[in-house]
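J.: Fold the following.
(one chain, ligands or ions: 2)
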Amino acid sequence: MNRIPSVNLSDFISGDPSRKQDFVNAIGSAYEEIGFVSLKNHFLDDNLVEALYKEVKNFFELPLSVKEKYEIPGIGGQRGYVSFGKESAKGKKEGDLKEFWHFGQYVENDDKLKLEYHDNIIVDELPEFNTTGKQAYKMLEKTAKYVLRALALHLELEEFYFDEFIFNGNSILRPIHYPPIKEEPKEAVRAAAHGDINLITLLMGAQGKGLQVQNHNGDWIDAIADPDELMINVGDMLSRHTNNRLKSTVHRVVNPPKELWGKSRYSIPFFMHPISTMKLDVLPNCIDAKNPKQFEDITAGEFLKERLIELGLIKK
Ligand SMILES: O=C(O)CCC(=O)C(=O)O
Ligand SMILES: [Fe+2]
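T.: Numbers count the residues shown, from 1 in each chain. Ligands and ions are numbered 1, 2, ... in the order given. Model prediction:
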């Protein structure tokens, strides 16, 4: 496969059973093959997208001394600011050429999870950064819920199978700034090759070149979305749960050609995580004689912890 297939969420929610089934088939087969689709008719309207980019740019343009007030030690970067070069892909020494921010869950009616998650960090200088981030978080979470319903049907599970695991889940919205490149980077790239940790990722900002996905032949193909589309991919948690029937495909963000070094890149992934107690044990209907069980039983919370250690964000 040399291009990322495009699907339209309005087919799934149209109320027309055959359009709904077509959506399920299209996203299901794309995820069994390349692990990525671009999605039209998500729940973020143009005004919200524009407002979010404006606030995100305002934030990253603040002086480093201000941004550093929001970098909280000891929480593995799970909320607030993570400064340039801190995160490296699993197995890489060099830090990625990026700084980022994390908005986390806005817990409703559940004191236990309120205690488990760190509170969101409030940026005093930019009141609308906080409110716009929350609105985008909610709309991306809603979009992700429908995508997971379609995947549940594809996997012959009950349509609402994932709903209880994602309600008040540990999802993260991560605006990323890749600053202009000032000198020849030795080994480092904007984001080194990696698979995402979570169930699915919904990415805003894949409109220009930069993001690349590795296909079955080992070739890197450009993943470029239309202006009104989100790029959505399978993460390692979902790949584990489905015994690798749905593919968590390795992807990266390459450095631009030299004439474009002066330009920043902004992208905003939403990493859909379940609650930490969700069991990621391989689903029984994804195991057969040809596909024996490939992964040990593990909960989402245990898996996340392992991976944050590997990324250099928390210590053992
Ligand atoms: O910046 C991008 O386009 C993708 C970033 C990414 O893959 C990630 O943060 O996991
Ligand atoms: Fe990623």
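
J.: State the phi and psi torsions of the closest residue to ligand 1 within the chain.
T.: Using C-beta to the nearest ligand atom, the single residue of the chain nearest to ligand 1 is Ser267, 3.4 Å away. From N, CA and C alone the C-beta is placed, and that goes for glycine too. Backbone torsions for Ser267, taken as degrees, to the nearest 10, come to phi -140, psi 160.

J.: cool, and the one 10 residues further on?
T.: Main-chain dihedrals, Thr277, degrees, to the nearest 10: phi -80, psi 0.

J.: unless I'm mixing things up, it is touching Phe303, no?
T.: No. Contact criterion C-beta atoms under 8 Å: Thr277 and Phe303 do not qualify, at 11.8 Å.

J.: Neighbour count: the two, which is higher?
T.: Taking neighbours as other C-beta atoms under 10 Å, Thr277 and Phe303 compare with Phe303 leading, 20 against 12.

J.: in what helix or strand does that one lie?
T.: helix 300-310 (DSSP states H and E).

J.: Ok, Val37 next?
T.: strand 36-40.

J.: Whether that strand contacts ligand 1 - can you check?
T.: No. Applying C-beta under 6 Å from any ligand atom, one finds strand 36-40 separated from ligand 1 by no less than 10.7 Å.

J.: what packs against that strand?
T.: strand 6-8, helix 9-12, helix 17-33, strand 230-234 (3 or more C-beta pairs under 8 Å, 6 or more residues apart in numbering; DSSP states H and E).

J.: Ligand 1 contacts on the chain?
T.: So far as C-beta under 6 Å from any ligand atom goes, the chain lies against ligand 1 at Ile176, Ala191, Asp196, Leu203, Gly205, Ala206, Leu211, His251, Val253, Ser267, Pro269.

J.: Narrow these to those in strands?
T.: Of those, the ones assigned to strands by DSSP state E are Ile176, Ala191, Leu203, Leu211, His251, Val253, Ser267, Pro269.

J.: pretty sure the third one is touching Glu229, no?
T.: If I follow you right, that is Leu203. No. Using C-beta under 8 Å, Leu203 makes no contact with Glu229, being 9.7 Å away.
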